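Asker: predicted structure and sequence below. I'll ask about it afterward.
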Amino acid sequence: MKTIFKILILFVLAVPGELLAQSVAQGNMSRESAAKYAEISKELMANKEKSTPELMIIAAKKMLGTAYVAGTLEVIPEQLKVSLTQTDCILFVESCLAMALNAKNGLTSPDDFCATVQSLRYRNGKVDGYVSRLHYTSEWIRQGEAKGIFREITDVLSGENLSGQKFSYMSEHSDAYKQLKENPAEISRIARMEADLNKYTDYYVIPKADVKKMEHLLKDGDILGFNSSVKGLDIAHVALVYHKENGEVGFIHASYADGKVVVDNKSIHDYVNARKNNDGIRIVRVK
């Protein structure tokens with residue numbers, strides 16, 4: 001009887017408050033991330049009347065200082081991984097969007113958060129191997145548009161500046177991806193996905209030279225994509241537009257250089273023009 005009592009005490013200590021969330025139990029999310037989500041979600045729910053982009057900025061500010069860590073999703077076999085304690089650029093933006101969407105819908109549990117992230121990150125919301133993840137940000141944008149979450153407005157802001165975007169980087173550099181290396185079947189699936197993306201011709205870009213004169217049209221919470229000039233690659237880095245206290249149009253992002261989530265000290269135009277491998281920007285406006 002004493003043994004059973006000890007086991008019960010240990011269980012209560014291990015799972016305070018309520019039963020362990022399924023997402024935590026299944027290894028999709030750590031306890032620390034679940035606790036962080038509860039903290040951020042509470043503040044978002046207190047501001048539920050605000051717009052989705054405004055809630056994204058609130059979430060982004062709560063994420064300031066979060067460690068930049070690359071490759072957190074690269075597990076074999078493919079599994080949904082969600083973290084609020086370490087992040088990279090796209091996961092940061094994706095998490096802020098998911099938290100804001102959940103708050104607008106009155107959803108607060110870690111399981112709800114993981115479900116929303118999965119719906120954004122995977123093709124048709126289904127985890128079905130490595131290729132089911134939306135690796136190219138352009139496809140991530142197209143799926144979000146189809147769901148009615150946001151709209152890319154680069155075409156409106158850039159006029160007739162078609163980017164001539166083509167996709168081939170992953171299939172042509174398969175050795176750089178452990179899931180593709182020495183796996184011809186997966187490389188073929190990636191190549192087919194790239195071919196599908198290449199069927200579209202309406203990829204626009206705001207050229208570097210034009211960024212400064214149109215920055216005033218950007219709004220807090222716009223998703224900002226820094227377009228790559230590398231052959232076969234689309235967007236190299238993503239962030240959230242944020243107007244600084246001094247009035248400068250800046251951005252919040254998970255910065256590789258700073259090793260954490262920061263409000264960048266550069267304006268958008270200064271940042272993009274300082275990078276040889278960026279040829280402009282793309283803008284997505286959340287509804």
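Answerer: Yep, that arrived. Bear in mind that the values here come from a model prediction, so they are computed numbers and not experimental data. Residues are numbered from 1 along each chain as shown.

Asker: from here on, just use CA atoms for contacts and neighbour counts.
Answerer: OK.

Asker: how about residue 62, nearest residue that isn't a chain neighbour?
Answerer: Once flanking residues are discounted, residue 62 sits nearest to residue 40: 6.7 Å by C-alpha to C-alpha, 6 or more residues apart in numbering.

Asker: quick check: phi and psi at residue 240.
Answerer: phi -120, psi 130 (degrees, to the nearest 10).

Asker: what does residue 147 give?
Answerer: Taking degrees, to the nearest 10 as the convention, residue 147 sits at phi -80, psi -10.

Asker: so what's the residue count around it?
Answerer: A count of nearby residues for residue 147, using other C-alpha atoms under 10 Å, gives 13.

Asker: list the contacts of the helix or strand the residue nearest to residue 62 falls within.
Answerer: Here residue 40 is covered by helix 31-46, with elements defined by DSSP states H and E. By C-alpha atoms under 8 Å, 6 or more residues apart in numbering, the surrounding residues in contact with helix 31-46 are 24, 55, 58-59, 62, 82-85, 99-100, 103-104, 106, 108-110.

Asker: just the buried members of the residues you listed?
Answerer: When the contacts of helix 31-46 are checked for burial by 16 or more other C-alpha atoms under 10 Å, the buried set is 24, 55, 58-59, 62, 82-85, 99-100, 103-104, 108-110.

Asker: got the contact list for stretch 206-223?
Answerer: 53-54, 56-57, 93, 154, 157-158, 161, 238-243, 249, 268-269, 272-273, 279-286.

Asker: one more time with 6 Å
Answerer: Outside stretch 206-223, the residues that touch it by C-alpha atoms under 6 Å, 6 or more residues apart in numbering are 53, 57, 158, 240-242, 269, 279-281, 283-285.

Asker: tell me which of these fall in helices.
Answerer: 53, 57, 158, 269 (DSSP state H).

Asker: tell me who's in contact with the third one.
Answerer: In other words, residue 158. residue 206.

Asker: one more pass at 7 Å, please.
Answerer: 205, 206 (C-alpha atoms under 7 Å, 6 or more residues apart in numbering).

Asker: what do you get for the last one?
Answerer: Shown here is residue 269, whose contacts under the criterion C-alpha under 7 Å, 6+ apart are 211, 212.

Asker: export the contacts of stretch 206-223 to CSV and tack on distance to residue 47 and pLDDT?
Answerer: Below are the contacts of stretch 206-223 laid out as CSV (distance: C-alpha to C-alpha, whole Å; pLDDT from 0 to 100):
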residue, distance to residue 47, pLDDT
53, 12, 98
57, 12, 98
158, 33, 94
240, 19, 99
241, 20, 98
242, 18, 98
269, 31, 97
279, 37, 96
280, 34, 97
281, 30, 98
283, 25, 98
284, 23, 98
285, 20, 98
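
Asker: how is this structure carved up into domains?
Answerer: Domain ranges of the chain: 22-143, 151-286, per automatic domain parsing.

Asker: return the distance of the last one from the chain's centre.
Answerer: Same thing as domain 151-286. 12 Å (C-alpha atoms, centre = their mean, to the nearest Å).

Asker: now do the SS call for residue 253.
Answerer: strand (DSSP: H, G, I helix; E, B strand; the rest coil).

Asker: just the pLDDT at it, thanks.
Answerer: Looking at residue 253, its pLDDT reads 98.
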